[in-house]
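Novice: Structural data only, the sequence is not supplied:
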């Protein structure tokens, strides 16, 4: 079957994916006209956001099947096709991507001083990579977009970043590339093993691969390779060390996209590939992954508590929050998976907003040291209001998006193991501690410098950037059903897939000890 | 006999052109020589076209000593393409160095003929003649700037090690002849398969021949000449020498080890595997510490030879088609990206006063030479193996062959060295875009030349095209190896 499903009258996924890249190339023609190319970037990201809304409006919410399928033969002799398709999970991630991409353009409108053209073009290429990852239905295509995402981000950190930008950029590239190479070999291995016979073309179609049955040994190694690639992105402890460096050195817009979307592709990959393709291995690894997630939650929170740099604090808090994502997903039940996805969505909104605010603050004070701040609520009352809102949302105040995700994720984990859930909930308490303490130190203690009264509070541009994020955070907190409806059918399919494998396994703690016993 | 001559029309065309260039050159004034490169390019393009048009039939000529099949067509067109690129990027550089002589283009054409003969030979003597024609001409190319010490040193080193290697090869070939009584590939293969051939001398022959080939394609531990030679050679010649002889070498290696020794894989596969791993180790780790870009590219090209040998190992096991065609595709991708990278160095050298090829000199190149830096970044990403470039698909296809041959651990080793290689390729990008030009940066002069730009543009287009729409080349590579597999 080639062509595209006429759900909407035109191949929307391809347009959505490649529109930004095409605009990025067109921008090169507008060299020397900053207003023109910036407006073009804004217009294209806005158009892309509207397209993604069109996508969600036309999505059939009651099926777990892939929709808007587009398929064209690409490298037939190797069984590789250009195949796109989305379900509710992808659509939610696409919306997050297009929204954040739209916001960072005005957010960095006057912020970048040199090589502006390349900066905005890099973001457009990045958007293409990100949307492509969420749409790809062919494993090699997925990999191509996965790597395409990497290059603009590498340049964004390395060219427009802070003082240690080169170190951070190279570290970011090498960590991710190492994971990707492992994944590439696993992709090749399963594509060739899934064939009927030695002479058939390999299979890269994700839908077909999900139906293939791999031996336990193959699953074991392939899962490990895929998982490491995704865990680097998430990032899971102990593969997280690139993240604080990358975040601190990246320009504001880079941090926003990094935290908002690039971390999500890790969780997305686990949902899209690890669980459906290697169910046997998932059962084996799940308890271990949960333990790592708990370590990430607690470790990330404790390290956040100790941070002196505002941006680093937000960066480490991401490690902690993303722990809830993997914990929810690998609880392997419906509530947990839904929770994990909601945390991904909510973290994209909230951490995106927090990084934006850190950036806005830095533009004013030229420092990110918490100790240098204090009493900022005086000169910047609007900023204080927004920061309070996003702090509270981030620490999981009921009625805001952070709560829904973490709550569901904990419920899922509780079903899996009460002990693990109890430990994970400590993370929420610690989050309240480091976030509220941060807020107090930044906004309420004595004002350090009277001069700051002369600085302007948030401009309309800055408020406009933050408002949609806040609005969605409230929406997802008050009426999460809108979003849960999207992700429920695909999440349910994943749990159904896992159900037969889960039946015979006992509780998590027992299993960890059992598999430890197996080692001796 | 006339039929035989007709079958090598493209080669004859090149020979005639080369001779014409040599004859006309002394008669022309300095300025008039600038057109000579176009004569060579024209000959290459016509030769490639006529090869393409005649690619339908498969037959052997000159009493079964060369095979004209899809395999030789693939390599002929590839090698002619490499020669074309080499001539496109040379003219301005020779002009700048005041060594604009027709000899250079004639030598490129002779080297190309040698390489083509190597690829189409199915007789050991013919193969050896091709090899020596290629080798002797390339020694001269390496030493073409005879006023520069480094260039002379390069030529001497290339000549001595090359002669050494040729003798190893020849000795191995002689033993093979002694054992089987023939120099024809098929006849040797039949003799080995049918009659009882004593194992010990056969092993010695294989080892000698393998060592000779390893020298020629600069596989470790026989690689040491390569960095010095590439560094000392004129940069456009280095571009040509780092690609052409390797392609021809692998064309011959594949034929040799599948057609003659296909049944003896238990002898050479372990050797090849050791060679491959050693080559990847040496190439990747030594490239890490290089400060000179030409040396860095030389070591990195040794690393690529390591990957290619990996696929040769895969051909020894099951899944031959995949292993062989992956090598062909990889060579095509490698030709574009490596020549492109060297061509950018030529561009920089033409456009700067006293360019020394050092890493420090390309600092801030993103600002000083935005276009050159852009394509250089593309070539570096392709050499690293990042999609959507030719380098990625080539590596992907090659790893596929290795995994499919049941050697996933070997693919993991390859991936590991890919990761190491990312360090030094990225460093080029880091210097170009993330550092400010230092004191080492030389003064910018006007050295624009549109043929060089065309050459770089073609290489870049090739890198992107093979990365995005690989099917035509992929299919050609697969067709090319069908016939060899029949044997």
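Specialist: Right, received. Where do you want to start? Remember, predicted model here, so these are calculated numbers, not experimental data.

Novice: Scan the helices and strands of chain A for the one with the lowest mean pLDDT.
Specialist: helix A:508-519 (a mean of 56; mean pLDDT, DSSP states H and E).

Novice: swap that for chain B, please
Specialist: The helix or strand of chain B with the lowest confidence, counting by mean pLDDT, DSSP H and E, is helix B:2-7 at a mean of 78.

Novice: who in chain A is up against chain B?
Specialist: Contact residues, chain A versus chain B (CB under 8 Å from any CB of the partner chain): A:74-78, A:140, A:143-144, A:147-148, A:150-151, A:154-155, A:158-159, A:165-166, A:169-170, A:173-174, A:177-178, A:181-182, A:184-185, A:188-189, A:191-192, A:198, A:202, A:221. Heads up, the C-betas are built off the backbone N, CA and C, glycines and all.

Novice: Poorly predicted segments of the chain, please.
Specialist: In the absence of a named chain, this looks at chain A. Applying pLDDT under 70 to chain A flags residues A:1, A:503-520.

Novice: Not quite, go with chain B.
Specialist: B:1, B:317-320, B:440-441, B:485-487.

Novice: where along it do the strands fall?
Specialist: B:59-61, B:66-68 (DSSP state E).

Novice: Ok, the stretch 201-350 of chain A next?
Specialist: With strands called from DSSP state E, counting those that start in this stretch, the stretch 201-350 of chain A shows none.

Novice: okay, now the residue of it found nearest chain B: neighbour count?
Specialist: Per CB to the nearest CB, residue A:202 is where the stretch 201-350 of chain A lies closest to chain B, at 7.3 Å. The burial count assigned to residue A:202 is 22, neighbours taken as other CB atoms under 10 Å in any protein chain shown.

Novice: Repeat that for residue A:398.
Specialist: Neighbours of residue A:398 (other CB under 10 Å): 10.

Novice: what residues are up against it?
Specialist: Residue A:398 makes contact with A:407, A:477 under the criterion CB atoms under 8 Å, 6 or more residues apart in numbering or on different chains.

Novice: cool, the one 4 residues further on as well?
Specialist: Taking CB under 8 Å, 6+ apart as the definition of contact, the neighbours of residue A:402 are A:343, A:346, A:347, A:350, A:393, A:394, A:395, A:396, A:473, A:477.

Novice: Just give the closest residue to it, not the sequence neighbours.
Specialist: residue A:396 (4.5 Å; CB to CB, 6 or more residues apart in numbering or on different chains).

Novice: Now do the SS call for that neighbour.
Specialist: coil (DSSP: H, G, I helix; E, B strand; the rest coil).

Novice: Could I get the full set of helices for the stretch 101-250 of chain A?
Specialist: A:116-135, A:139-160, A:165-193, A:206-211, A:216-233, A:242-249 (DSSP state H, counting those that start in this stretch).

Novice: Any chance of a markdown table for those, columns mean neighbour count?
Specialist: Formatted as a markdown table, the helices of the stretch 101-250 of chain A follow (neighbours: other CB atoms under 10 Å in any protein chain shown):
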| stretch | mean neighbour count |
| --- | --- |
| helix A:116-135 | 25 |
| helix A:139-160 | 24 |
| helix A:165-193 | 23 |
| helix A:206-211 | 16 |
| helix A:216-233 | 21 |
| helix A:242-249 | 24 |
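
Novice: Quick one: classify residue A:7 as helix, strand or coil.
Specialist: coil.

Novice: so where does the closest residue to it other than its chain neighbours fall, helix or strand?
Specialist: Setting aside the residues directly before and after it, residue A:7 is nearest to residue A:68 in space (CB to CB, 6+ apart), at 5.3 Å. Here residue A:68 sits within strand A:67-75, counting by DSSP states H and E.

Novice: Name the nearest residue to the closest residue to chain B within the stretch 151-300 of chain A, ignoring sequence neighbours.
Specialist: Nearest residue of the stretch 151-300 of chain A to chain B, counting by CB to the nearest CB: residue A:181, 4.0 Å away. Nearest residue to residue A:181 in three dimensions, chain neighbours excluded: residue B:415, at 4.0 Å (CB to CB, 6+ apart).

Novice: ok, the one you found touching residue B:402?
Specialist: No. Contact criterion CB atoms under 8 Å: residue B:415 and residue B:402 do not qualify, at 10.0 Å.

Novice: mind listing what the residue nearest to residue A:402 touches?
Specialist: Neighbouring residues of residue A:396 by CB under 8 Å, 6+ apart: A:402, A:403, A:406, A:407, A:428, A:431, A:432.

Novice: Now go through those and say which are in strands.
Specialist: The members of the contacts of residue A:396 all map outside strands under DSSP E.

Novice: ok, which pair from the residues you listed is furthest apart?
Specialist: Within the contacts of residue A:396, A:407 and A:432 form the most distant pair, 14.2 Å apart (CB to CB).

Novice: Those two: which is more packed in?
Specialist: Set residue A:407 next to residue A:432 and count neighbours by other CB under 10 Å: residue A:407 wins out with 20 against 17.
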